[in-house]
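Participant: Got a predicted structure here, sequence first:
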Amino acid sequence: MPDNRPTTEAAPKVIAITGHRPETFAKGVEIAAVQNQLWMWLAHVHATYITGGARGVDQWAAQYARHHGREYRVYLPFPLEVTAARWQAQDRKNLERLLRGASKVTVAMERYSVAGYHARDRAMVDDADEVLAVWDGRETGGTAATVAYAKKQQKPVHVIDPRWYAK
């Protein structure tokens with residue numbers, strides 16, 4: 001398993017964090033181990049984090065930042081009531097709590113459109129110095145598009161591959 005953490009001496013000012021929702025991880029992946037690896041990575045980087053607010057990786061990063069007194073921003077694709085319209089009540093409450101602790105909340109579009117997700121992801125990359133992706137290398141989906149955009153923008157991309165944590 002490669003160690004792709006940036007050194008603390010050269011820590012960037014802002015890191016965008018993106019990743020798959022846990023229910024889309026490959027069979028056998030230990031979700032707690034992926035979450036722990038993300039938190040260990042973040043522990044080595046004193047920066048402002050940008051997260052997209054989605055369930056899973058995005059919220060894990062914001063929870064870490066909030067718990068450890070780190071600055072974090074949340075970039076939503078749509079207003080809360082649209083973003084979380086189909087979520088479980090507890091997931092919505094988690095996001096509401098994280099929004100209250102964010103130093104900045106940005107909304108990409110007012111109404112639902114697939115373009116809102118892409119606009120949110122591009123804004124996260126544009127406003128970051130580096131990107132951390134919890135990504136299994138699949139070529140489709142929002143995480144893949146965000147990684148591709150970051151590379152196109154010549155932003156360093158660090159990867160935690162959930163498949164490393166399969167039973």
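Facilitator: Yep, that arrived. Numbers count the residues shown, from 1 in each chain.
Participant: Give the closest residue to the spatially most distant residue from the centre of the chain in space, chain neighbours not counted.
Facilitator: Checked against the mean C-alpha position of the chain, the extreme residue using CA atoms, centre = their mean is Lys167, at a distance of 23.8 Å. If you skip the residues right next to it in sequence, Lys167 has Gly28 as its closest partner in space, 4.6 Å away by CB to CB, 6 or more residues apart in numbering. The C-beta positions use only the backbone N, C-alpha and C, and glycine is treated the same way.
Participant: does that neighbour really touch Pro162, like I thought?
Facilitator: No. When contacts are counted by CB atoms under 8 Å, Gly28 is not listed as touching Pro162 (10.0 Å).
Participant: neighbour-wise, which of those two wins?
Facilitator: Set side by side, Gly28 and Pro162 show more neighbours around Pro162, with 24 against 9, by other CB atoms under 10 Å.
Participant: Look up how far Leu98 lies from the more buried one.
Facilitator: In this structure, Pro162 and Leu98 are separated by 22 Å, where distance is defined by CB to CB, to the nearest Å.
Participant: Please apply the same query to Glu81.
Facilitator: Counting by CB to CB, the gap from Glu81 to Leu98 is 16 Å.
Participant: Which of these two has more residues huddled nearby?
Facilitator: When neighbours are counted by other CB under 10 Å, Glu81 and Leu98 differ, and Leu98 comes out ahead with 21 against 8.
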